[in-house]
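**Q** Quick check, what structure comes out for this input:
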Amino acid sequence: MIQKIVRSALVLSAVMSAPAMAQAGLVTIPETNSGDSAWILTASALVLMMTLPGLALFYGGLVRAKNFLSVLVQCGAIAAIASVIWIVIGYSLAFSVNGNGFIGSLENFMFNGLLDSVREGQTTGELAFALFQMTFAIITPALIVGAWVERARFGWVVAFSALWSLLIYVPVTRWVWGGGFLAEQGVIDFAGGIVVHTTAGVSALVVALMLGKRIGFPKTLMLPHSPALTVAGAGLLWVGWFGFNGGSALAANDAAASAIINTHVGASVAAIVWMVIERIKVGKATAVGFATGAVAGLATITPAAGVIGPGGAIILGILAGLVCFWFVGLIKGTLKIDDSLDVFAVHGIGGMLGSVLLAVFASEALGGVGYAEGAGMASQLWVQVKAVAIVGVYSAVVTLIIGYMVSMVVPMRVSEDQERDGLDISSHGERAWDLD
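**A** So this is what the prediction gives:
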């Protein structure tokens with residue numbers, strides 16, 4: 001008799017949707033907070049704005065005019081392919097309940113089971129959460145575009161970005177945010193210093209080394225064709241970052257407000273420091289310097305935004321300006337590595353710096369939220385350093401493998417003639433600017 005009842009219940013659950021079963025009184029759908037849901041949907045739109053058009057304009061203004069359109073197309077193509085991968089299997093492999101500490105299961109294939117579902121400890125529907133996380137999956141591979149601008153073949157860019165999303169971003173997301181082995185060790189990454197900026201920054205450095213230098217680098221000046229567009233893009237990134245970090249609180253509450261305040265002050269201080277350094281070193285504070293400094297501050301504050309106080313954010317902003325500026329000179333000036341738009345020096349170094357130092361500034365004595373039970377500054381610092389090292393090494397090795405695998409099918413670089421003509425014409429058959 002019991003077996004018949006169980007069998008009947010299983011059959012009923014298979015043919016009835018969750019809402020229908022709820023109406024029949026068979027299941028209880030968890031309640032969500034409409035205010036929190038509205039905020040997470042708004043934050044999702046803000047983060048998508050960071051890639052399209054924020055990052056596209058920020059990077060596009062930094063390249064020469066003959067390559068501007070190629071940057072926009074690459075950012076758009078990456079956004080499209082990363083979205084499809086995330087919906088089909090990415091989210092499930094990163095956030096499914098089942099699976100292990102390294103990768104999830106396929107139970108949420110094609111977002112299956114997300115409707116009328118709420119993750120434990122959250123107050124928004126899981127579908128909204130998956131949407132929000134998708135915007136992170138979009139911008140992370142798009143950040144790497146800055147390393148290969150003006151010389152990478154479009155087909156290679158698309159194939160590499162697709163595999164990178166699946167083989168690097170998804171697993172690391174599982175490890176840190178999806179209850180994986182790094183999460184179990186107590187790592188803190190509030191909004192992506194490790195998951196987003198460390199992965200993208202390290203991979204960008206590897207790709208720059210694999211591709212080689214642009215023709216003429218470093219002897220030929222390759223000035224930004226439109227600092228105005230770069231500043232406009234940085235402004236969109238800055239505003240969008242409120243959704244990036246504030247949305248990571250996953251609720252419309254004081255934690256979100258604190259994260260946004262820290263994000264704003266960190267970017268403000270880093271931009272000021274960058275301009276002061278420029279004024280001292282070269283005699284003028286530039287628009288590109290302002291924009292780059294602000295983005296360095298945003299990247300650095302990201303992992304710590306929700307766990308530190310404004311005082312800690314100010315110090316991180318100062319360090320972001322100083323350290324990232326120094327690394328830009330080291331990578332391009334001393335090491336002569338053509339990481340064209342300073343992805344590693346700004347995003348990579350900034351993300352790693354914030355990920356490690358949050359262990360210090362999270363202290364309640366310094367205005368932070370404190371540590372988990374049984375943890376302290378020293379133990380948290382060790383966890384953060386270990387996580388950054390593991391993710392950095394993994395990103396470097398897998399990027400190297402993916403890059404060469406794809407290059408066996410599609411060459412990494414365009415020809416010298418195509419590079420000289422510019423990727424707008426040679427890769428896309430169009431011009432960004434037709435002034436005739």
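
**Q** which one is residue 32 nearest to, not counting chain neighbours?
**A** Nearest residue to residue 32, sequence neighbours excluded (CB to CB, 6 or more residues apart in numbering): residue 125, at 5.2 Å. (Glycine included, C-beta is placed from N, CA and C.)

**Q** Next up, phi/psi of residue 119, please.
**A** Per-residue torsions, residue 119: phi -70, psi 150 (degrees, to the nearest 10).

**Q** Please tell me how far it sits from residue 126.
**A** Distance, residue 119 to residue 126, using CB to CB, to the nearest Å: 5 Å.

**Q** ok, back up a step: the residue nearest to residue 32 and residue 41, how far apart?
**A** Residue 125 sits 10 Å away from residue 41, taking CB to CB as the criterion.

**Q** between the two, which one's more packed in?
**A** Neighbour totals were compared for residue 125 and residue 41, and residue 125 leads with 23 against 16 (other CB atoms under 10 Å).

**Q** before we move on, the earlier item: more crowded one of residue 119 and residue 126?
**A** Taking neighbours as other CB under 10 Å, residue 119 and residue 126 compare with residue 126 leading, 21 against 16.

**Q** got the contact list for the more buried one?
**A** Residue 126 makes contact with 114, 117, 118, 119, according to CB atoms under 8 Å, 6 or more residues apart in numbering.

**Q** Let's have those residues in JSON lines, adding secondary structure, distance to residue 82 and pLDDT.
**A** Below are the contacts of residue 126 laid out as JSON lines (DSSP: H, G, I helix; E, B strand; the rest coil; distance: CB to CB, whole Å; pLDDT from 0 to 100):
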{"residue": "114", "secondary structure": "coil", "distance to residue 82": "18", "pLDDT": "95"}
{"residue": "117", "secondary structure": "coil", "distance to residue 82": "23", "pLDDT": "93"}
{"residue": "118", "secondary structure": "coil", "distance to residue 82": "25", "pLDDT": "94"}
{"residue": "119", "secondary structure": "coil", "distance to residue 82": "22", "pLDDT": "94"}
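
**Q** Switch these over to JSON lines, and while doing so, append distance to residue 421 to every line.
**A** JSON lines is the format used below for the contacts of residue 126 (distance: CB to CB, whole Å):
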{"residue": "114", "distance to residue 421": "46"}
{"residue": "117", "distance to residue 421": "51"}
{"residue": "118", "distance to residue 421": "53"}
{"residue": "119", "distance to residue 421": "50"}
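
**Q** Residue 227 versus the nearest residue to residue 232 once chain neighbours are set aside, what's the distance?
**A** Nearest in space to residue 232, with sequence neighbours left out and distances taken as CB to CB, 6+ apart, is residue 57 at 5.5 Å. According to CB to CB, residue 57 stands 11 Å off from residue 227.

**Q** Now do the phi/psi pair for residue 330.
**A** Dihedral angles (degrees, to the nearest 10) for residue 330: phi -70, psi -50.

**Q** Quick check: it touching residue 345?
**A** Yes - with contacts counted by CB atoms under 8 Å, residue 330 reaches residue 345, the gap being 7.5 Å.

**Q** Comparing those two, which residue is more hemmed in?
**A** residue 345 (26 against 13).

**Q** I'd assumed residue 339 was in contact with the more buried one.
**A** Yes - the criterion here is CB under 8 Å, and residue 345 meets it with residue 339 at 6.9 Å.

**Q** Name the residues contacting each of the two.
**A** 331, 332.

**Q** one step back: same drill for residue 57 and residue 227, tell me which one is more crowded.
**A** Looking at residue 57 and residue 227 with other CB under 10 Å, you find the greater number of neighbours at residue 57, namely 25 against 17.

**Q** For that one, give its distance to residue 229.
**A** In terms of CB to CB, residue 57 sits 5 Å off from residue 229.

**Q** wait, what's in contact with residue 158?
**A** 77, 78, 81.

**Q** Determine the set of other helices and strands touching the longest helix seen in the chain.
**A** Determined from DSSP state H, the single longest helix within the chain is helix 377-407. If you count contacts as 3 or more CB pairs under 8 Å, 6 or more residues apart in numbering; DSSP states H and E, helix 377-407 packs onto helix 154-164, helix 170-176, helix 181-184, helix 199-211, helix 349-361.

**Q** I'd like the ones you listed laid out as TSV, including distance to residue 282.
**A** TSV is the format used below for the helices and strands packed on helix 377-407 (distance: least, CB to CB, whole Å):
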stretch	distance to residue 282
helix 154-164	33
helix 170-176	37
helix 181-184	41
helix 199-211	24
helix 349-361	21
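
**Q** how about the ones you listed, which one is nearest residue 267?
**A** The closest of the helices and strands packed on helix 377-407 to residue 267 is helix 349-361. By CB to CB, the value is 10.8 Å.
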